[in-house]
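Q: The sequence and its predicted three-dimensional model are supplied below.
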Amino acid sequence: MTTRIRVFDPALCCSTGVCGPSVDDALARFAADLQWLAERGVAVERYNLAQQPGAFAENAVVRERLARGVDVLPLVLVGERIAVEGRYPSRETLAALAGLPIRGDLEESGSTSACCAPRPARESGEKGDTRSGCCG
């Protein structure tokens with residue numbers, strides 16, 4: 001049986017982290033890590049709150065957790081179970097969640113697909129600005 005991993009992202013311009021004046025390294029790395037999983041046969045689905053709010057509303061587990069507020073995002077589900085909450089997991093963690101052997105092929109991720117990502121958070125601790133001129 002193929003492992004199914006679903007990621008429920010906060011509201012983002014896009015999921016790759018490569019866009020605009022600055023690159024969100026964590027998002028770029030995570031996007032590459034998800035691609036790495038998919039290349040190894042893991043069923044990967046990713047939903048963005050800004051672009052696919054229906055996916056959040058339709059999933060009872062996600063809907064229940066969101067009752068606590070959007071700070072619980074991102075959520076990473078394996079099957080119907082929340083495996084990671086409030087952060088993007090490492091490639092090693094994703095491999096373990098998918099039941100993949102952790103071997104020497106956990107090479108550094110380096111995907112640089114072009115898209116949009118939120119601007120980085122300001123020093124005051126507020127969330128990043130999701131406005132960018134490159135998204136339609």
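A: Yep, it's here. Residues are numbered from 1 along each chain as shown.

Q: contacts and neighbour counts: CA atoms only from here.
A: Fine.

Q: ok, so what distance separates the closest residue to Q51 other than its chain neighbours from E39?
A: Among residues not flanking Q51 along the chain, A11 sits closest, at 7.5 Å (CA to CA, 6 or more residues apart in numbering). As judged by CA to CA, to the nearest Å, A11 and E39 stand 26 Å apart.

Q: ok, now which ones touch the closest residue in space to A50 that isn't next to it in sequence?
A: Computed as CA to CA, 6+ apart, the closest residue to A50 that is not its neighbour in sequence is A11, at 4.4 Å. By CA atoms under 8 Å, 6 or more residues apart in numbering, the contact set of A11 is N48, L49, A50, Q51, T130.

Q: Model confidence score at the nearest residue to the second one once chain neighbours are set aside, please.
A: Nearest non-adjacent residue to L49, counting by CA to CA, 6+ apart: A11, 4.6 Å away. In this prediction, A11 carries a pLDDT score of 89.

Q: where does A11 land in three-state SS?
A: A11 falls in the coil class when you classify it by DSSP: H, G, I helix; E, B strand; the rest coil.

Q: right, and the helix or strand after the helix or strand bottoming out on mean pLDDT in the chain?
A: Within the chain, no helix or strand scores below strand 18-19, which has a mean of 62 by mean pLDDT, DSSP states H and E. Using DSSP states H and E, the helix or strand that directly follows strand 18-19 along the chain is strand 22-23.
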